[in-house]
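*Asks:* Fold the following.
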Amino acid sequence: MRKFGLIGYPLGHSFSKQYFSDKFKREEIFDCSYDNYPISDIAQLKDLIDSEPELCGLNVTIPYKTDVIRFLDYIDKEADEIGAVNVIKIKRNKDKTLLHGYNSDFIGVSDSLKQYLDNEVKQALILGTGGASKAVYYALKKAELTVQFASREKKAGALSYTELTPDILSTTRLIVNTTPLGMFPNIETFPDIDYQHLGKEHILFDLVYNPEITAFLRKGIERGCTIITGSKMLLSQAEKAWQIWNDNLLEVV
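*Replies:* Sure thing, here's the model as predicted:
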């Protein structure tokens, strides 16, 4: 039996187990299983892998997408440039185990935005500075957008929400929420920006997928904005992860 799973903490919000379990059933993949592995410290990763000899691959979610890198033997070029990993391929050879890190999040971001990016969208605002924001930044820069970060508190490379002037908000066409605000069970939370400066020319994209229509997106709907839910990104990055786990042509070290 080939085993796959998800590491993070906590994992009550995760859709991955249900998605892959359904996929295996739908596609009649009988030799695979998928489980959640909530670990309260990323240092527990080695013990997990040692205790599960059939484990072939992992997804990585909050809060370990950046911290996990130091435990890897190899990191893909794109994941290295992004500075975050959400897919681990486990390669076992006799008594040696190697961990290879990749990022499928930026593929999900690119796929989600593809139909919305035109010549009118030149600037983007990323809310949040965690691991997920790194993949969004990478995807937006590849799309040749000018990108600004914002967070609850001012930090290097990021404005605070209170520093987002009416001019910044009104002229930035694309706003992406990469924070967990609005995620179940805290569904009424949202990034504290001034939504009154948004309108029908704006696109709001939320990486949170549970619930599908978050409080952040509801505020966008109230202002006439175009909204993009996290569902498409979720599906796209999951399928890319499956491809990575099953691609024997990926670089071996």
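
*Asks:* Residues touching the lengthiest helix in the chain, excluding its own?
*Replies:* Counting residues, the longest helix in the chain under DSSP state H turns out to be helix 231-246. Outside helix 231-246, the residues within contact range by Cβ atoms under 8 Å, 6 or more residues apart in numbering are 4, 15-16, 19-20, 23, 56-57, 59, 86-87, 89, 102, 104-105, 107-109, 111-112, 207, 209, 212, 250. Heads up, the C-betas are built off the backbone N, CA and C, glycines and all.

*Asks:* In the stretch 1-150 of the chain, where is pLDDT below threshold?
*Replies:* Residues of the stretch 1-150 of the chain meeting the criterion pLDDT under 70: 13.

*Asks:* Spell out, range by range, the strands that occur in it.
*Replies:* Secondary structure of the stretch 1-150 of the chain, counting by DSSP state E, counting those that start in this stretch: strands at 2-8, 32-38, 55-60, 74-75, 87-93, 96-102, 123-127, 146-151.

*Asks:* what would the ones you listed look like in a markdown table with distance to residue 223 and mean neighbour count?
*Replies:* Formatted as a markdown table, these follow (distance: least, Cβ to Cβ, whole Å; neighbours: other Cβ atoms under 10 Å):
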| stretch | distance to residue 223 | mean neighbour count |
| --- | --- | --- |
| strand 2-8 | 32 | 20 |
| strand 32-38 | 37 | 17 |
| strand 55-60 | 34 | 24 |
| strand 74-75 | 40 | 18 |
| strand 87-93 | 35 | 18 |
| strand 96-102 | 37 | 19 |
| strand 123-127 | 15 | 23 |
| strand 146-151 | 18 | 18 |
